[in-house]
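Undergrad: Provided below are the primary sequence and the corresponding predicted coordinates.
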Amino acid sequence: AQSVTQPDIHITVSEGASLELRCNYSYGATPYLFWYVQSPGQGLQLLLKYFSGDTLVQGIKGFEAEFKRSQSSFNLRKPSVHWSDAAEYFCAVGYSSASKIIFGSGTRLSIRP
Amino acid sequence: GAGVSQSPSNKVTEKGKDVELRCDPISGHTALYWYRQSLGQGLEFLIYFQGNSAPDKSGLPSDRFSAERTGGSVSTLTIQRTQQEDSAVYLCASRFGREPLGEQYFGPGTRLTVT
């Protein structure tokens, strides 16, 4: 069955430090991969997506993610976090054979001043 | 322009009562999704509409849950005989219909509490 795993439930990093949020998926074919962010009191917003081509994708707010087929991973990174990045981050996977996407359980990011 | 709106924003109901949750998608978006987000959980897919039809309703947890969409726009999610385990945030999303895996735009959600 298709699935998405975000192994870290909660991460705390210091402001200005680098960030990496992990995401692993399970599927035989090439998936369509997404990262969404849910800020407190706001709806989910798409940060970036990967469909094909360059495996390093750039998103909004200075985020990037790298698709690694050999590791079935799509980790989200940011070189220097800001206090405003505190939010819940969701990795999601979709497949060309379907029109729905499957979300991971999320990683809550806290920023230490 | 206007985003996805949902109403009510909060709903408290007694166990056993029926509730209706409403979603107004972005104008022109033919695809519409309902998700459920329980405390500490990810988003659980409930149902997907393309136009007024629902080609995928595989995520509806029981026959107490139903949804409809009229005029290719507004959608209503109905939960009959609510149970405490139905307490969650119900999210609606819409997307441009011609991109099957395009960006979904989410509403702010309806927080349902069943007492």
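TA: Thanks, I have it. Residues are numbered from 1 along each chain as shown, chains lettered A, B, ... in the order given.
Undergrad: give me the pLDDT for residue 65.
TA: Defaulting to chain A. pLDDT recorded at residue A:65 is 98.
Undergrad: the chain in question should be chain B.
TA: 97.
Undergrad: now it, which residues is it bridged with?
TA: With DSSP bridges applied, residue B:65 shows beta-bridge pairing to residue B:79.
Undergrad: got the contact list for it?
TA: By C-beta atoms under 8 Å, 6 or more residues apart in numbering or on different chains, the contact set of residue B:65 is B:46, B:77-80. C-betas here are computed from N, CA, C, even on glycine.
Undergrad: now these in a markdown table, with pLDDT and neighbour count?
TA: Below are the contacts of residue B:65 laid out as a markdown table (pLDDT from 0 to 100; neighbours: other C-beta atoms under 10 Å in any protein chain shown):
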| residue | pLDDT | neighbour count |
| --- | --- | --- |
| B:46 | 95 | 22 |
| B:77 | 98 | 24 |
| B:78 | 98 | 13 |
| B:79 | 98 | 24 |
| B:80 | 98 | 14 |
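Undergrad: going by distance to chain A, which of these wins?
TA: The nearest member of the contacts of residue B:65 to chain A, counting by C-beta to the nearest C-beta, is residue B:46 at 9.9 Å.
Undergrad: hmm, residue B:36 and the closest one touching each other?
TA: Yes. With contacts counted by C-beta atoms under 8 Å, residue B:46 reaches residue B:36, the gap being 5.8 Å.
Undergrad: which residues do those two both contact?
TA: B:61, B:90.
Undergrad: residue B:114: how many residues sit nearby?
TA: Neighbourhood size, residue B:114 [other C-beta atoms under 10 Å in any protein chain shown]: 19.
Undergrad: likewise residue B:9?
TA: 11.
Undergrad: same thing with residue B:7?
TA: Residue B:7: 14 neighbours (other C-beta under 10 Å).
Undergrad: ok, and the closest non-adjacent residue to it?
TA: Closest residue in space to residue B:7, ignoring its immediate chain neighbours: residue B:22 at 4.9 Å, by C-beta to C-beta, 6 or more residues apart in numbering or on different chains.
Undergrad: read off the pLDDT value for the one you found.
TA: 98.
Undergrad: what parts of chain B come near chain A?
TA: Within chain B, the positions near chain A by C-beta under 8 Å from any C-beta of the partner chain are B:3-4, B:31, B:33, B:35, B:40-45, B:48, B:50, B:55-56, B:91, B:93, B:100-101, B:103-109.
Undergrad: can the contacts of residue B:65 go into CSV with extra columns for distance to residue A:35?
TA: Output for the contacts of residue B:65, formatted as CSV (distance: C-beta to C-beta, whole Å):
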residue, distance to residue A:35
B:46, 22
B:77, 26
B:78, 32
B:79, 30
B:80, 35
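Undergrad: now for chain B, the helix or strand with the poorest mean pLDDT.
TA: strand B:53-56 (a mean of 90; mean pLDDT, DSSP states H and E).
Undergrad: list the helices and strands that strand packs on?
TA: strand B:43-50 (3 or more C-beta pairs under 8 Å, 6 or more residues apart in numbering or on different chains; DSSP states H and E).
Undergrad: elements contacting the strand it packs on?
TA: Here strand B:43-50 touches strand A:101-103, strand B:31-37, strand B:53-56, strand B:65-69, strand B:75-79, going by 3+ C-beta pairs under 8 Å, 6+ apart.
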